[in-house]
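**Student:** predicted structure and sequence below. I'll ask about it afterward.
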Amino acid sequence: QVQLVESGGGLVQPGGSLRLSCVVSGFSSDYDAIGWFRQAPGKEREGVSCLNTIDGDTYYAGNVKGRFTLSRGSAKNSVYLEMNSLKPEDTAVYYCGIGACYGLGAAGYSYAMNYWGKGALVTVSS
């Protein structure tokens, strides 16, 4: 059974930093892509960042580029999201997902995820 478990969420002041972790279990082989997504209250889930493990490309949403960094653990069953210069509008439940993602050039990237974690709440507030 595939499981994704996020951790590291919490309350942080504007301008602060936070690091989210996602641990994957139950996958018998490597996956094509793993990424982070978020859903703010009253809004649809949106992509934050995604790593295509086939070609090694990492994609970022325009509103987090330069502030957030996705990285993968050496054991490849974990992925992290380093979030810096956090803003109140970054407040959301952050999800880890496995599936596929690919670049669309200037239009950003597209994704289709098959497995999701239960999410970690990040609140940016003073």
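**Tutor:** Thanks, I have the structure now. Residues are numbered from 1 along each chain as shown.
**Student:** who are the contact partners of residue 113?
**Tutor:** 35, 37, 97, 98, 99, 100 (Cβ atoms under 8 Å, 6 or more residues apart in numbering). Every residue, glycine included, has its C-beta placed from N, CA and C.
**Student:** and it, how far from residue 14?
**Tutor:** For residue 113, the distance to residue 14 equals 29 Å [Cβ to Cβ, to the nearest Å].
**Student:** please apply the same query to residue 51.
**Tutor:** With distances defined as Cβ to Cβ, the gap from residue 51 to residue 14 amounts to 27 Å.
**Student:** repeat that for residue 110.
**Tutor:** Residue 110 sits 31 Å away from residue 14, taking Cβ to Cβ as the criterion.
**Student:** and residue 64, by the same measure?
**Tutor:** Relative to residue 14, and taking Cβ to Cβ, residue 64 is found at 15 Å.
**Student:** ok, these two, which is more surrounded?
**Tutor:** Taking residue 64 and residue 14 together and counting by other Cβ atoms under 10 Å, residue 64 has the greater number of neighbours (23 against 13).
**Student:** count of residues packed around residue 114?
**Tutor:** 12.
**Student:** let me know the helix or strand that it is in.
**Tutor:** The secondary structure element spanning residue 114 is strand 109-116 (assigned by DSSP states H and E).
**Student:** any idea how far that strand is from the chain center?
**Tutor:** 11 Å (Cα atoms, centre = their mean, to the nearest Å).
**Student:** now it: mean pLDDT?
**Tutor:** Averaging pLDDT along strand 109-116 yields 92.
**Student:** ok, stretch 40-60 next?
**Tutor:** Average pLDDT, stretch 40-60: 94.
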